[in-house]
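Enquirer: Got a predicted model here, sequence first, then my questions.
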Amino acid sequence: MGGNAMKYVGVTRQSAADYAAITAAVIDKLRALFPAIRCQPILAYGRKETFGDSDILIESTHLPPDWIEQVKAVFAPQDLIVNGDVVSFDFRAMQIDLITTPADEMEFAASYYAFNDLGNLMGRIAHKMGLKYGHDGLWKLLRDNDQVFAEILITRDVAKTFALLGYDHARYLQGFETLDDVFEFAASTPYFHRQIYLLDNRNAASRVRDAKRPSYTAFLAWIADKPELDRYTWSAWDGGRSSPERDAERADWERRIFNDIFLEARPQYLKAIEEHDTHKRAKLVWNGTLVAAHTGYQGRELGEFMAACRASFMNAPHDAALSFEQWVLTLTPDGVIDQVRAFQKVWS
């Protein structure tokens, strides 16, 4: 994606008409090659004049193991590059990017990638809510201080995601004619404020990435003289740094999302919190410091002993409903020490 992977083999930007013809030819060939596999172009705004590449989603769940070799045989490209989930090759002097996507993510990915940087711009609203909006769904990353301990899939329902972020999904389905139309839609949410997009208010990685994106910098220029767009006051503008106000704001969104809006995600959410709490409590009575004090082991030997002790429990007869951490929490402090010493006798 981005139209730069194949420049050295002579690909060029194509007119809208040539892009449409080339993309249709690619999809026809893919459908003939893989009749049961879904593929579709990424939507662009109607009056886009030129295209640096053709981005096509292809459902990956049922692709045959040798599908890339089959693509090579049919399209006979000068070169083909595999970069993660994207397979790029040249065809009729245009770069083709096949974005492999699991079947259950196709609809969401098609929405996220559509219309230039729209998904990225909408993602800024999700970020302020403490969420991650991407091609694979809307997620909540649960953290303990700075450590992520669980990633909860909230939804892959496109319309529900738009509603949460404050966007009119029915309007989105009508499409957009110009880049300004896309920008107007991105700024249409009641949660919009220009400050959350400014590069100075982004973290370093995001600032470097988005400064290189022409659509993003064009959006910054578009919003620069439009103070009337500032409809919502967020607690902080800075690039993701924690503050009591920001953390309270995100905690409020978290409660609303899992208690009121996306109840189907609540069981997974509660399970993750419970498992993390169990892990933290178990670590107080089962940890390297305690085991080392009663065995004398250090370093690698200590790690191997603790792993073997855990495996011994999991392989021995026990209540299948208990995890290792849950089992540890059924013991008294002296009971944990007794278990360590008993296992040391058979391990050494």
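Expert: Okay, I see it.
Enquirer: From W327, how far out is G335?
Expert: 11 Å (CB to CB, to the nearest Å). Where you see a C-beta, it was placed from the backbone N, CA and C, and this is true even at glycine.
Enquirer: correction: Y167
Expert: 47 Å.
Enquirer: Looking at these two, which one has more neighbours?
Expert: The neighbour comparison of Y167 against W327 (other CB atoms under 10 Å) goes to Y167, with 21 against 17.
Enquirer: tell me which residues in stretch 221-232 are buried?
Expert: W222, I223, L229 (16 or more other CB atoms under 10 Å).
Enquirer: Skipping its backbone neighbours, what lies nearest the most centrally placed residue in the chain in space?
Expert: Centrality entry for the chain: nearest residue to the mean C-alpha point is G134, 4.5 Å, by CA atoms, centre = their mean. Once flanking residues are discounted, G134 sits nearest to Y112: 6.5 Å by CB to CB, 6 or more residues apart in numbering.
Enquirer: where's that neighbour, which helix or strand?
Expert: For Y112, the host element (DSSP states H and E) is helix 106-113.
Enquirer: Now do stretch 7-19: distance to the chain's middle.
Expert: Centroid displacement of stretch 7-19 relative to its chain, using CA atoms, centre = their mean, to the nearest Å, is 30 Å.
Enquirer: Can I get it in PDB? Just the C-alpha atoms.
Expert: C-alpha atoms of stretch 7-19 as PDB (Å, rounded to 0.1, in the frame of the first residue of the first chain):
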ATOM      1  CA  LYS A   7       8.800   1.900  -8.700                       C
ATOM      2  CA  TYR A   8      12.000   0.300  -9.900                       C
ATOM      3  CA  VAL A   9      10.100  -2.000 -12.300                       C
ATOM      4  CA  GLY A  10       8.500   0.900 -14.100                       C
ATOM      5  CA  VAL A  11       5.100   1.300 -12.400                       C
ATOM      6  CA  THR A  12       3.500   4.700 -12.700                       C
ATOM      7  CA  ARG A  13       0.500   6.600 -11.400                       C
ATOM      8  CA  GLN A  14      -2.500   5.800 -13.500                       C
ATOM      9  CA  SER A  15      -5.500   7.900 -14.500                       C
ATOM     10  CA  ALA A  16      -8.800   7.100 -12.800                       C
ATOM     11  CA  ALA A  17     -10.100   5.400 -16.000                       C
ATOM     12  CA  ASP A  18      -6.900   3.200 -16.400                       C
ATOM     13  CA  TYR A  19      -7.000   2.400 -12.700                       C
END
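Enquirer: I'd like to know which elements the longest helix that the chain contains is packed against.
Expert: In the chain, ranked by residue count with DSSP state H as the criterion, the top helix is helix 266-285. Where contact means 3 or more CB pairs under 8 Å, 6 or more residues apart in numbering; DSSP states H and E, helix 266-285 is packed against strand 137-144, strand 147-155, helix 324-328.
Enquirer: Verify the stated contact: the residue nearest to G134 with A126.
Expert: No: Y112 lies out of contact with A126 (CB atoms under 8 Å); the separation is 10.9 Å.
Enquirer: joint contacts of those two?
Expert: Y133 (CB atoms under 8 Å, 6 or more residues apart in numbering).
Enquirer: Show me the shaky parts of the stretch 101-250 of the chain.
Expert: The model of the stretch 101-250 of the chain has pLDDT under 70 over residues 237-242.
Enquirer: Do you have the helices of it handy? List them.
Expert: Listed in chain order, the helices of the stretch 101-250 of the chain (DSSP state H, counting those that start in this stretch) span 106-113, 118-128, 158-165, 169-173, 179-186, 204-211, 214-223, 244-256.
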